[in-house]
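[1] build me a structure from this.
(2 chains)
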Amino acid sequence: MDMDFIVDKEAKTVAITREFQAALSLVWDAYTKRELLDQWWAPKPLISRTKVMDFKVGGRRFYAMVSAEGDERWVVQKYTSITPKTNFKMFNAFADADENLELPGSDWNLSFSEQEGTTKVSISIYNESLERLEKMIEYGFREGTAGQFQNLDELLATLSR
Amino acid sequence: MKRDIFQAIADPTRRAIIALIALQAMTPNAIAEHFDTSRQAVSKHLRILTECELIKQEQKGREIYYQLEIEKMKEIDKWLEQYREIWETRFRQLDDVLATIKKRKEDK
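    You can find the predicted model right below:
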């Protein structure tokens, strides 16, 4: 499936659009239920571990991205608006393990629509600063890549034994 | 405090400065001539861009020239490319989760 990924540096917004071969209700659940979110949210080999999730306006998801070495990077997502099976908005910020936010954060707007069994998800992420985006990438990617290399090392070590 | 590169390139004047000196290294005076704003305002933009290491100064004779740090600009694109890759991975994982759930439902 092709993904649209448009960075508007002037508007400080990243717009991502992707279609999924599944009914809207299922895709909606995958974005809004913790047990499903944890199965795909973290790019492997990172693991998403949700500690608290209360999907309602004013509620939040408090989760960690956990690296292969067990390092945790905490994130809080506060739900600011919900239109069931159509759209939800949240404020996303890094945090420490005690839920103290590291500001600035980013504003997310996620829209869902279905056509003939295919569900389109459009995500727009407004970042107050690129530094924040940089941080996100640094963590999600560097940790991820480091982990993959480690897995490869282990595999190679096993094979050569 | 570390300067924020996103903010550096979010400003239209600073983007125009980057576009200008991408073509050739220029003195602060020559850069200022292209803008209606004051010399001080242009100096401030140059300072911010320098602090972000997007441009650098070079002394040529008596004059100071500003030139673009092309590597740093490439870095920005590299970050964005990495961010894109994170999303691609994430969505492939979601494809798998959705396929598994659908299959489970069909099997029932």
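
[2] sec struct for residue A:99, please.
    Assigned state for residue A:99: coil (three-state reduction, DSSP: H, G, I helix; E, B strand; the rest coil).

[3] also residue B:36?
    At residue B:36 the chain is in coil, as set by three-state DSSP.

[4] show me what residue A:7 bridges to in the sheet.
    Bridge pairing for residue A:7 (DSSP bridges) gives the partners residue A:14.

[5] now for it: which residues touch it?
    By C-beta atoms under 8 Å, 6 or more residues apart in numbering or on different chains, residue A:7 lies in contact with A:13, A:14, B:80. For glycine as for every other residue, the C-beta is placed from the backbone atoms N, C-alpha and C.

[6] where does the residue nearest the centre of chain A land on pLDDT?
    Most central in chain A under C-alpha atoms, centre = their mean is residue A:41, positioned 5.0 Å from the mean C-alpha point. Residue A:41 is assigned 91 on the pLDDT scale.

[7] next: the one 5 residues further on.
    Residue-level confidence at residue A:46 comes out at 85, pLDDT.

[8] roughly how far apart are it and residue A:118?
    Between residue A:46 and residue A:118 the computed distance is 28 Å (C-beta to C-beta, to the nearest Å).

[9] residue A:66 too?
    32 Å.

[10] now do residue B:73
    Distance from residue B:73 to residue A:118, by C-beta to C-beta: 38 Å.

[11] repeat for residue A:67
    Residue A:67 sits 34 Å away from residue A:118, going by C-beta to C-beta.

[12] which residues touch the closest residue to residue A:72 other than its chain neighbours?
    Distance criterion C-beta to C-beta, 6 or more residues apart in numbering or on different chains; nearest residue to residue A:72, sequence neighbours excluded, is residue A:64 at 4.2 Å. By C-beta under 8 Å, 6+ apart, residue A:64 lies in contact with A:48, A:49, A:51, A:72, A:73, A:74, A:75, A:97.

[13] and for residue A:79?
    Taking C-beta under 8 Å, 6+ apart, we find residue A:79 in contact with A:55, A:56, A:57, A:58, A:59, A:60, A:61, A:88, A:89, A:90.

[14] what is it paired to in the beta sheet?
    Bridge pairing for residue A:79 - DSSP bridges - gives residue A:90.
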